[in-house]
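K.L.:
structure, please.
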Amino acid sequence: MQKKIFVNPFTIFFASSVIFFWPISTFLFSLKNDALTYYYPVRTLISDALRHGELPLWTPFINMGYPLHADMQSGAWNPVIWIFSFLSNYSLAAFHYELIFYIAVAGIGFYYLCRNFGCSKTTAYSIAFAYQFSGFMIDSVQFFTCISAACYIPWIILFFRRMTMQYKTSDALGLALFLFLLFTGGYPSLFIITAYVLVAYFLFSFFSNEHKPGFLKKIIPQTFIAALFFLLLSLPALISFIQHLPLIGRGKSQTLSFVLENSMNPVTLLSLLAPFATTANDSWLNSSILMRSIYIGIIPLLFLISAFFNENIRGNKEMRFFFFCALIMIAMAWGEFFFLRQAAYYTLPLMDSFRHPALFRLFSIFFLLLISALAIKEWESNKEIKTNFFKKLITALLSITVIAGICCVIFLNNKIPATNISVGNFKNLLTQFNFQQRYLIQLPFLITTLCLAYFVIVKRKNSRLIYLVTIVDLFFATQLNMPVTIMGSKGFTEVEKLINRNPERFPIPGNESIEENSSNSSGENIITGSTLPFTKKIGRNDYFITPGNLSLQDSFYESGIKDLVLKNPLIYISDTTILIGEFIPKRNPPLFNDKALCSTGNNSNNKITVESFSANKIQTTVTTNTGGKLIYLQNNYPGWKAYVDGKQKEITTANISFISIYVEPGLHKVSFTYTPDKIIIAWYISISSSVILLLWLTILFLKKSNQRSPNGEMK
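P.N.:
Next up, the predicted model:
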């Protein structure tokens, strides 16, 4: 029993994630950049709402109010974040745990996918590790949703392939579940690309099937089940996103120059051999450091090359399909350096909606590793056939790497900077090396790995040794790249102290003035390079914390009335004669004084007390002698409702973007609640569908278990 636990894929891949990412899992260092400036802050806001007994619909702490549930990258509908939030008040440590979870589940999914192709356990482990710690996974950790998307894609392809071959309802339900997880927790563009891959895979399965009518007859009902449950599970997110996209600039068709941002430079194909060298800041690499590597490990690379000389693999239609997909994806990843991404921009739906062409390389890595897995499988069936081929191949690569090392020594211009020896200084030292220096640092590891590959493939012909060499190779490659692409410059404890949140989930703001950038602190600027809402004060940030700020709120911030409006408290009564509800653009020269058109609080006899305050609601007691417009400095967004003494009142827009209602003279109980009815109903449908899905899967699993004999054989 204990042996089964220790050799179980779940145990092995979680353990490897902890070990490979030891500076993160042991809280020696934390993450950096987008991980801390966006993905972590929104998770704390989601957690606070859930633990306060509310759905994570709205947040008052980002840019004068923001519909968190409608942000496609926030993860407000991501079940994984919900689980971590319920287990603990989401902390920086939980953020690290979530990352380890995604890395581990990515490996587990690819392991079972390889097993579905008939690979041995050692081969499946080797290739799954290569995916789990590939160049994409090590480069792109700062883009948290990219890692979560990479985690789910192997499971999606696994269940889709099984569904097209076995036509089982359990596979359709599994496909629906992981598509839902990708849609709610992954990077939006990777979901779009996955959809295209599934369409291509479906067409391939159809045209390669000898009994096309029978195939359609069996696959259409399963596809319907998968689509139905995906839609039911994703309904609240789907409605939220559809409503939100027209209200933000990023929700419209983007310019070609924007779409081509962060392309993969073709010269970074060098990362197949030397991933650490390609993280250098040398100008000729000319691309984002986080969008370069396609490293898959030396052993998988050797078998990938051998696949092109293997008649059995070349004759396999599915492998040819994978190779075609890999080429298309790498060509798309080249973005501005090749024509294909630009052609897709003009011809394919939704290809004009997202940037970062280099993200396509994830799918290239994915398909190339599947080809490598099949090549190892073929080699295991007859290890004598390719002995001479591998001798020549490994010798050639050794010669190339040594010659490249000699060239780097000859053309080495910069001296290695001097520094004191410490963990932190060593990390900073690595970031200063140029390409030649980084290549020379990696060269001993590369030569050693190639020599070990020669020993285990040519001499010993041992699959288990291949597995071990692959692990060692990937471990050292990860250790070299991690300080550059993953780890921040400061230790975990220091980061946690600097960005520690207000211990109160929803502090009552009272009538304090709202100051621009009121959430900022010098510590936050030092640690992340941007301003964050950790201190829970309501204000507007110049920095685009969210991927899509509301267009109306941007218009307000660019207007001439901004400074005057933001001098008011969070909630105040204004003179109704100077209320505006639409954007008054600035003109040069000005045709009128737009400051005179803004609504401000100017009656000292008005008294407003905030009784309670949370993510989706504020309750106040209002005393006014004259009556007037009550303005709540939160963006007016579909779903807001106002109540005066228990009766619903009509909401209008004040000062371009904010919520306002009219109150009569006297003492009143006034509340504003964000309750988008369609979203809430959709959430109940999604929860009900989740319960049905889990029950259905449980019944199918128990039914399958009962069909097995005690020794594990099918009856």
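K.L.:
where does the prediction get shaky in this protein?
P.N.:
Scanning the chain for pLDDT under 70 picks out the ranges 1-6, 413-428, 500-537, 539-547, 575-604, 705-715.
K.L.:
quick check: chain neighbours aside, which residue is closest to the residue nearest the centre of it?
P.N.:
Centroid-nearest residue in the chain: residue 145, 0.6 Å away (criterion: CA atoms, centre = their mean). Closest residue in space to residue 145, ignoring its immediate chain neighbours: residue 187 at 4.1 Å, by CB to CB, 6 or more residues apart in numbering. Quick note: C-beta positions are derived from backbone N, CA and C, even for glycine.
K.L.:
and the one you found, what does it touch?
P.N.:
73, 143, 145-146, 148-149, 359 (CB atoms under 8 Å, 6 or more residues apart in numbering).
K.L.:
which one of those residues is nearest residue 616?
P.N.:
residue 73 (20.3 Å; CB to CB).
K.L.:
verify the stated contact: that closest one with residue 186.
P.N.:
No - contact criterion CB atoms under 8 Å: residue 73 and residue 186 do not qualify, at 9.0 Å.
K.L.:
anything in contact with each of those two?
P.N.:
In contact with both residue 73 and residue 186: residue 145, using CB under 8 Å, 6+ apart.
K.L.:
one step back: would you mind writing the CA trace of the host helix or strand of the residue nearest to the centre of the chain as PDB?
P.N.:
Assessed by DSSP states H and E, residue 145 sits inside helix 144-166. The C-alpha coordinates for helix 144-166 follow below in PDB (Å, rounded to 0.1, in the frame of the first residue of the first chain):
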ATOM      1  CA  PHE A 144      -0.200  33.000 -13.800                       C
ATOM      2  CA  THR A 145      -3.200  32.200 -16.000                       C
ATOM      3  CA  CYS A 146      -0.800  30.900 -18.700                       C
ATOM      4  CA  ILE A 147       0.500  28.200 -16.300                       C
ATOM      5  CA  SER A 148      -3.000  27.200 -15.200                       C
ATOM      6  CA  ALA A 149      -4.000  26.900 -18.900                       C
ATOM      7  CA  ALA A 150      -1.000  24.700 -19.600                       C
ATOM      8  CA  CYS A 151      -2.100  22.600 -16.600                       C
ATOM      9  CA  TYR A 152      -5.500  21.800 -18.100                       C
ATOM     10  CA  ILE A 153      -4.600  21.400 -21.800                       C
ATOM     11  CA  PRO A 154      -3.200  17.800 -21.500                       C
ATOM     12  CA  TRP A 155      -6.400  16.700 -19.800                       C
ATOM     13  CA  ILE A 156      -8.500  18.300 -22.500                       C
ATOM     14  CA  ILE A 157      -6.700  16.600 -25.300                       C
ATOM     15  CA  LEU A 158      -6.800  13.300 -23.300                       C
ATOM     16  CA  PHE A 159     -10.500  13.300 -22.800                       C
ATOM     17  CA  PHE A 160     -11.200  14.600 -26.300                       C
ATOM     18  CA  ARG A 161      -9.000  11.800 -27.900                       C
ATOM     19  CA  ARG A 162     -10.700   9.200 -25.700                       C
ATOM     20  CA  MET A 163     -14.100  10.500 -26.600                       C
ATOM     21  CA  THR A 164     -13.400  10.300 -30.400                       C
ATOM     22  CA  MET A 165     -12.100   6.800 -30.000                       C
ATOM     23  CA  GLN A 166     -14.400   5.200 -27.400                       C
END
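K.L.:
now do the helix or strand just after it: distance to the chain's middle.
P.N.:
The helix or strand immediately downstream of helix 144-166 is helix 169-185, counting by DSSP H and E. On the basis of CA atoms, centre = their mean, to the nearest Å, helix 169-185 sits 17 Å off its chain's mean C-alpha point.
K.L.:
which parts of helix 169-185 are buried?
P.N.:
Neighbour counts over helix 169-185 (16 or more other CB atoms under 10 Å) mark 170-185 as buried.
K.L.:
contact partners of that helix?
P.N.:
Against helix 169-185 from outside (CB under 8 Å, 6+ apart): 75, 77-81, 145, 148-149, 152-153, 155-156, 158-160, 162-163, 190-191, 194, 222-223, 225-230, 233-234, 237-238, 693, 696-697, 700-701, 704.
K.L.:
got a ChimeraX select line for the buried ones in those?
P.N.:
In ChimeraX, this line selects whichever of the contacts of helix 169-185 come out buried by 16+ other CB under 10 Å:
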select :75,77,78,80,81,145,148,149,152,153,155,156,158,159,160,162,163,190,191,194,222,223,225,226,229,230,233,234,237,238,693,700
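K.L.:
where does the residue located most distally from the centre of the chain fall, phi/psi-wise?
P.N.:
What lies farthest from the middle of the chain is residue 625; by CA atoms, centre = their mean that is 51.9 Å. Main-chain torsions, residue 625, degrees, to the nearest 10: phi -80, psi -30.
K.L.:
how much space is there between the closest residue in space to residue 157 that isn't next to it in sequence and residue 411?
P.N.:
Excluding the flanking residues, the one nearest residue 157 by CB to CB, 6+ apart is residue 113, at 6.2 Å. To residue 411, residue 113 is 43 Å away according to CB to CB, to the nearest Å.
K.L.:
just want to know which of those two has more residues nearby.
P.N.:
With neighbours defined as other CB atoms under 10 Å, residue 113 and residue 411 compare such that residue 113 has more, 27 against 9.
K.L.:
element containing that one?
P.N.:
helix 92-116.
K.L.:
check the offset of that helix from the chain's centre.
P.N.:
That offset, for helix 92-116, works out to 13 Å (CA atoms, centre = their mean).
K.L.:
could you do stretch 67-80 as well?
P.N.:
11 Å.
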